[in-house]
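A.B. asks: Any chance you could fold what I've pasted below:
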Amino acid sequence: MDFDQPVPREVKVMDSASLYRLAERAHGLSLNARLDPSWVQAKVAPDGTHYLWPALWNSLSHRPDVPRQLRCELLITLRAGDRVASWLDVLPDDFSPLPRVTSREEGMQVSRLLDRSPSVREWIRREGESPGRL
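C.D. replies: Next comes the predicted model:
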């Protein structure tokens, strides 16, 4: 993916195994926008559908060994059926192969859900859990 290009304007869809893999990758690289993989494993619906919507390019200027990432809005389906929003930094090589949503209508639905879903932190507070390191 050419970094001189604008942020991709496509919404990606993924299963829970892919979300977990991306969360592990972001955590292992200590990217700025990441989720705790153990929280993802415990809370995410095993058969859920999740969405990534790229917002901007992010880089770690103090860590030139880490490639630029796409900072994406993330819509997560939890085990209880709730949807929560978060951010996730994703390497371009991990983002590109993910399938795209197949219709404009589905993309607009994801946008509406992102706008009205609580953040992971808000959901954790509401559930009375300790936020830890998200």
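
A.B. asks: What's opposite A85 in the beta bridge?
C.D. replies: Residues in a beta bridge with A85, per DSSP bridges, are L75, S119.

A.B. asks: Next up, the contacts around it.
C.D. replies: A85 makes contact with 73-76, 114, 117-120 under the criterion C-beta atoms under 8 Å, 6 or more residues apart in numbering. (Each C-beta comes from the backbone N, C-alpha and C, glycine too.)

A.B. asks: burial of K43, as a residue count?
C.D. replies: K43: 21 surrounding residues under other C-beta atoms under 10 Å.

A.B. asks: ok, it touching R79?
C.D. replies: Yes: counting by C-beta atoms under 8 Å, K43 does reach R79; the two are 6.2 Å apart.

A.B. asks: how about the contacts of A85 in JSON lines, adding pLDDT and neighbour count?
C.D. replies: Converted to JSON lines, those look like this (pLDDT from 0 to 100; neighbours: other C-beta atoms under 10 Å):
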{"residue": "E73", "pLDDT": "96", "neighbour count": "19"}
{"residue": "L74", "pLDDT": "97", "neighbour count": "23"}
{"residue": "L75", "pLDDT": "97", "neighbour count": "22"}
{"residue": "I76", "pLDDT": "97", "neighbour count": "25"}
{"residue": "L114", "pLDDT": "94", "neighbour count": "17"}
{"residue": "S117", "pLDDT": "96", "neighbour count": "17"}
{"residue": "P118", "pLDDT": "95", "neighbour count": "14"}
{"residue": "S119", "pLDDT": "94", "neighbour count": "13"}
{"residue": "V120", "pLDDT": "93", "neighbour count": "22"}
